[in-house]
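J.: build the 3D model from these lines:
(chains A and B)
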Amino acid sequence: DAGVIQSPRHEVTEMGQEVTLRCKPISGHDYLFWYRQTMMRGLELLIYFNNNVPIDDSGMPEDRFSAKMPNASFSTLKIQPSEPRDSAVYFCASSLRVTRNTIYFGEGSWLTVV
Amino acid sequence: QKEVEQNSGPLSVPEGAIASLNCTYSDRVSQSFFWYRQYSGKSPELIMSIYSNGDKEDGRFTAQLNKASQYVSLLIRDSQPSDSATYLCAVTGGGSNYKLTFGKGTLLTVNP
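T.: All right, here's what the predicted structure looks like:
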């Protein structure tokens, strides 16, 4: 079975541009998570969905960030406008019955905003 | 703010030694506890989960949980250079709180 698939793997963009990160969770998984990882702050949960519905977006840093999950096999994380402090690795992850099952991470999207 | 604390390291051990990694958490009602391993430039991967007080062993890895002390640890026996990585402690909240909160990780280096 394919794992969590993220795109793009690497992106370099200029400050002020819109960035869209994409994720395809593992088929059949009903939870999807977006995490951001930086050296300073570690791995932070931004938002998670259950059955395509956003459950907790309290980790989204500000209104420039938005996430959608239009169907069970696709999610996007959008940053508009992007800023240099958004530079980080963004991980998408999915799981079944989140409290007891393994969370599987994608390979990450490495974002650099210059 | 619920927190998960780990020593950032680096923790350096010789090959064949026992590596001991520690983690404390602030939320008393936390229910599930995990250790993830992350190699440089890679994504985290789950190596151990533990849900009740005591020890849980899986091969060379042993997770220990003490809910009264709000403390989780990971022991790696017969450490190998391939164990060199950052180890992340992660904790879920209680009740319907499904958030998985991560510590910042401990960098482990196993020297041949």
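J.: point out where the chain drops to low pLDDT.
T.: I went with chain A, as the question did not name one. A:1, A:98-101 (pLDDT under 70).
J.: sorry, should have said chain B
T.: Using pLDDT under 70, chain B drops low at B:1-2, B:94-97.
J.: quick one: name the residues of it near chain A.
T.: B:31-32, B:42-46, B:49, B:51, B:88, B:92, B:98-105 (CB under 8 Å from any CB of the partner chain). No exception for glycine: its C-beta is placed from N, CA and C like everyone else's.
J.: give me the buried subset of these.
T.: Among those, those buried by neighbour count (16 or more other CB atoms under 10 Å in any protein chain shown) are B:31-32, B:43-44, B:46, B:49, B:88, B:92, B:98-105.
J.: going along the chain, name the strands of chain A.
T.: Using DSSP state E, the strands of chain A run over A:5-7, A:10-13, A:19-24, A:31-38, A:42-50, A:53-56, A:65-71, A:74-79, A:88-95, A:104-105, A:109-113.
J.: direction included, what does the fifth one pair against?
T.: Here strand A:42-50 is paired, per DSSP bridges, with strand A:31-38 (antiparallel), strand A:53-56 (antiparallel).
J.: same question, the third one
T.: Using DSSP bridges, the strands paired with strand A:19-24 in its sheet are strand A:5-7 (antiparallel), strand A:74-79 (antiparallel).
J.: what does it rub up against?
T.: Residues external to strand A:19-24 that are found in contact with it (CB atoms under 8 Å, 6 or more residues apart in numbering or on different chains): A:4-8, A:11, A:13, A:32, A:34, A:73-80, A:82, A:86, A:90, A:92, A:106, A:109, A:111, A:113.
J.: how many other residues sit next to A:Asp57?
T.: Residues lying near A:Asp57 (other CB atoms under 10 Å in any protein chain shown) number 15.
J.: ok, it touching A:Ile47?
T.: Yes: assessed by CB atoms under 8 Å, A:Asp57 is found in contact with A:Ile47 at 4.3 Å.
J.: enumerate the beta-bridge partners assigned to residue 75.
T.: Using chain A here. Bridge pairing for A:Ser75 - DSSP bridges - gives A:Cys23.
J.: wrong one, I was asking about chain B
T.: B:Ser20, B:Thr62.
J.: count the residues that sit near it.
T.: Neighbourhood size, B:Leu75 [other CB under 10 Å]: 16.
J.: again with A:Arg9
T.: Neighbours of A:Arg9 using other CB under 10 Å come to 10.
J.: centroid residue for chain A?
T.: A:Trp34 (3.1 Å; CA atoms, centre = their mean).
J.: for that residue, which non-adjacent residue is closest in space?
T.: Closest residue to A:Trp34 apart from its sequence neighbours, by CB to CB, 6 or more residues apart in numbering or on different chains: A:Leu46 at 4.4 Å.
J.: thought the one you found was touching A:Leu32?
T.: No: contact status for A:Leu46 versus A:Leu32: not in contact, 11.3 Å apart, counting by CB under 8 Å.
J.: more neighbours, these two?
T.: Neighbours per residue (other CB under 10 Å) separate A:Leu46 from A:Leu32, with A:Leu32 holding more: 29 against 19.
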